[in-house]
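Engineer: With the input below, show me the fold.
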Amino acid sequence: MLRVCFTAEDLLCVTFADEPAPMVELTLAIAALQRSDPIFTLWRRRMSHTLPRSAGPLLELIPATAKGPLFLDPPSQGFDDGVEQVLSATTSFVRTELRRVHIPGYPPAPWTRLLGDRDREAWHILEKAVRAGHEDVLAGSWDRIRAGFDAERAWRIQLLAGQGIRATLASLSRGARWRGTTLEFDSPDDVEITLDGQGVTLLPSVFWTGRPLVGRYAQGTFLIYPAVTPLPLLDDPTTTSALAALLGRTRAALLEQLTRPRTTTDLARDLGVAKSSVSEHTKTLRDAHLITAQRDGKTVWHSCTPLGLSLVTNSWHRKPPSAHQR
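Structural biologist: Coordinates of the predicted model:
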């Protein structure tokens, strides 16, 4: 269980990141290359053929759980700034993080041990890997990543205005729940995070689909959570609507269909997709509090919630978010 303990002061200090953090997204992308999430199957297959050998060392530092050393993924506002923060991390911080992520019984790669000794060659390997990974994994998709981030942030702010901070935080992950002022997330690890009145910054990721992650950095505590729509389902931001930028083309079309009650069979027929695909998409939309489902015998009827209806209505009159819009 992951428990994030809030005080009243913490709830007043919850903020949203202004933009995606390149180093965080790179770390989560490298983790996604090693995860078996079916949404990323085609993306992993493509990346496995293009990832340069020079980026390979990142796989030795970042596991599928994304629990790599924190000095590797500072929440910087740009890639160059992020690289500079990585390279200037203090020796004590590097050593502490390497010890923290070490798995007993699995000896670390020789070059990673040398990072704690400030070995010049080891740090050259790391810098080269970070730059190669960014160029191959992030650079070509950055417009989509940024558009997905902007749409996600706008959607959460709308949720905050409509339902309040407790509902917004509980919506960040399936099964999240409040016990008093403690927000609980299902997790195989037993971790308790105390914010001590400093609040938390919410940072969505289009590469992460697991339970939220908490990182304590010099900039503060960040709660990294999966965006509603992961990267493989995001469309070109220059050719899509604001709603599709948030949900992906199929989910956006499905939500627009549900301004009146429809069955799974209706949706599959009208959208030209399999019933199993409809079921997967409706589950995601229910988790995001955008639709509800009601069973009538063997038939399941889906329809928009007031929040979902508001999102559809507003999107009809808005342009897609610019990939560079702040």
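Engineer: Just the helices from the stretch 101-250 of the chain, written as ranges.
Structural biologist: In the stretch 101-250 of the chain, the helices defined using DSSP state H, counting those that start in this stretch lie at 110-113, 120-133, 142-163, 165-170, 242-247, 249-257.
Engineer: Among those helices, which comes closest to residue 48?
Structural biologist: helix 120-133 (13.2 Å; Cβ to Cβ). Every residue, glycine included, has its C-beta placed from N, CA and C.
Engineer: Check which helices and strands the closest one sits against.
Structural biologist: Counting contacts by 3 or more Cβ pairs under 8 Å, 6 or more residues apart in numbering; DSSP states H and E, helix 120-133 packs against helix 22-32, helix 57-61, helix 79-87, helix 110-113.
Engineer: where are the low-confidence patches of the protein?
Structural biologist: 239, 314-326 (pLDDT under 70).
Engineer: any idea how far residue 264 lies from residue 52?
Structural biologist: Going from residue 264 to residue 52 by Cβ to Cβ, to the nearest Å gives 44 Å.
Engineer: And residue 35, its phi and psi?
Structural biologist: As for residue 35, its main-chain torsions (degrees, to the nearest 10) stand at phi -100, psi 160.
Engineer: Once you drop chain neighbours, what's closest to it?
Structural biologist: Using Cβ to Cβ, 6 or more residues apart in numbering and skipping residues adjacent in sequence, the residue nearest residue 35 is residue 64, 4.9 Å away.
Engineer: quick one: contacts for that neighbour?
Structural biologist: Shown in contact with residue 64 (Cβ atoms under 8 Å, 6 or more residues apart in numbering): 31, 34, 35.
Engineer: out of these, who's nearest residue 203?
Structural biologist: Distances from residue 203 to these, taken as Cβ to Cβ, are shortest for residue 31 (15.0 Å).
Engineer: and the closest residue to residue 116 other than its chain neighbours, how many neighbours?
Structural biologist: Nearest residue to residue 116, sequence neighbours excluded (Cβ to Cβ, 6+ apart): residue 95, at 4.2 Å. Residue 95 has 16 neighbours, counted by other Cβ atoms under 10 Å.
Engineer: which stretch among the helices and strands packed on helix 120-133 comes nearest residue 136?
Structural biologist: That would be, of the helices and strands packed on helix 120-133 and by Cβ to Cβ, helix 22-32, which comes in at 9.7 Å.
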